[in-house]
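>>> Predicted model and sequence follow; I will ask about them next.
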Amino acid sequence: MQIVKLGAGSLREKSVPVEAVTDEIRKLAAEMLELMYKADGVGLAAPQVGKNIRMFVADDGSGPGVFINPQITGTSPELADLEEGCLSVPGVYEKVTRPACVRIQAQDENGRRRVVQAEGFLARILQHEYDHLDGVLFIDHIDPEKKARIERRFRKKSEKQAAKGNQAAQKNRNESRSEKGN
Ligand code: ZN
């Protein structure tokens with residue numbers, strides 16, 4: 001399992017609800033948390049590992065949390081400006097305006113209903129991760145020209161990587177050909 005980057009189709013798809021919280025879902029949540037910590041992240045949504053189901057994991061520093069089929073049931077009228085980044089858009093940090101407080105309802109890894117009232121950093125993480133389940137990225141909330149520049153940069157990067165992959169494949173083909181010649 002790996003974290004997909006901007007340009008990957010799963011990041012732009014609307015995810016479907018998790019039908020039942022099974023051992024398989026618990027295992028996925030544990031793997032996602034491990035991946036998140038390894039990448040020094042504070043949140044990771046299933047579409048970021050190529051799975052379009054409605055769940056994410058988060059840890060604002062107070063301990064790991066698993067959110068399955070989350071619903072935002074309330075937001076404060078007060079807004080906050082905070083810089084955000086995303087493991088799927090590495091190296092990019094931009095200020096985003098969102099509600100300062102949020103109430104979210106979800107199931108935990110045992111299928112139990114949980115309600116979280118969050119403010120500050122946690123409120124920010126939960127809204128960012130929730131967006132991922134609807135195919136929305138934090139760069140959708142910034143200046144459109146800036147967003148277009150970021151998308152262009154990532155497109156170029158993936159084209160370069162694809163070209164490198166092709167070159168390597170070509171080299172392999174050539175080598176196996178010359179081996180055959182010997
Ligand atoms: Zn993200």
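Yes, it's here. Residues are numbered from 1 along each chain as shown.

>>> where do the helices sit along the protein?
Per DSSP state H, the chain carries helices over the ranges 23-38, 120-133, 144-181.

>>> Could I get the contacting residues of the most centrally placed residue in the chain?
Centroid check for the chain by C-alpha atoms, centre = their mean gives Gln48 as the closest residue, at 3.8 Å. With contacts taken as C-beta atoms under 8 Å, 6 or more residues apart in numbering, Gln48 has the following neighbours: Ile3, Val4, Ser10, Leu11, Leu87, Ser88, His132. C-betas here are computed from N, CA, C, even on glycine.

>>> from these, which two are the most distant?
Taking C-beta to C-beta as the measure, these span a maximum distance of 13.4 Å, between Ser10 and Leu87.

>>> right, and out of the contacts of Gln48, which lies closest to Glu109?
Of these, the one sitting nearest to Glu109 (C-beta to C-beta) turns out to be His132, at 18.2 Å.

>>> Now do the closest one, the pLDDT please.
You'll see His132 listed with a pLDDT of 98.

>>> Is the closest residue to it other than its chain neighbours bridged to anything, and to what?
In space, and not counting its chain neighbours, His132 is closest to Ala45: 3.4 Å by C-beta to C-beta, 6 or more residues apart in numbering. Assessed by DSSP bridges, Ala45 has beta-bridge partners Phe56.

>>> I'd like the distance from Ala45 to Gln167, if you could.
According to C-beta to C-beta, to the nearest Å, Ala45 stands 33 Å off from Gln167.

>>> how big is the angle separating the top strand by length along the chain from helix 23-38?
Counting by DSSP state E, the longest strand found in the chain is strand 65-75. With axes from the mean of the first three to the mean of the last three C-alpha atoms, to 10 degrees applied, the angle from strand 65-75 to helix 23-38 works out at 90 degrees.

>>> Show me which residues of strand 65-75 are buried.
Buried residues in strand 65-75, counted by 16 or more other C-beta atoms under 10 Å: Gly65, Val66, Phe67, Ile68, Asn69, Pro70, Thr75.

>>> list the buried ones in the helix or strand of the chain with the lowest mean pLDDT?
The weakest-scoring helix or strand in the chain, judged by mean pLDDT, DSSP states H and E, is helix 144-181 (a mean of 80). The neighbour-count check on helix 144-181 (16+ other C-beta under 10 Å) flags Lys147, Ile150, Phe154 as buried.

>>> Report the rounded mean pLDDT for the longest strand of the chain.
Mean pLDDT, computed over strand 65-75, is 98.

>>> Neighbouring strands - and their directions - for it?
In the sheet, strand 65-75 lines up with strand 55-58 (antiparallel), strand 101-107 (antiparallel) (DSSP bridges).

>>> which one of these has the most crowded surroundings?
Comparing the strands paired with strand 65-75 by mean neighbour count (mean count of other C-beta atoms under 10 Å), strand 55-58 comes out on top with a mean of 27.
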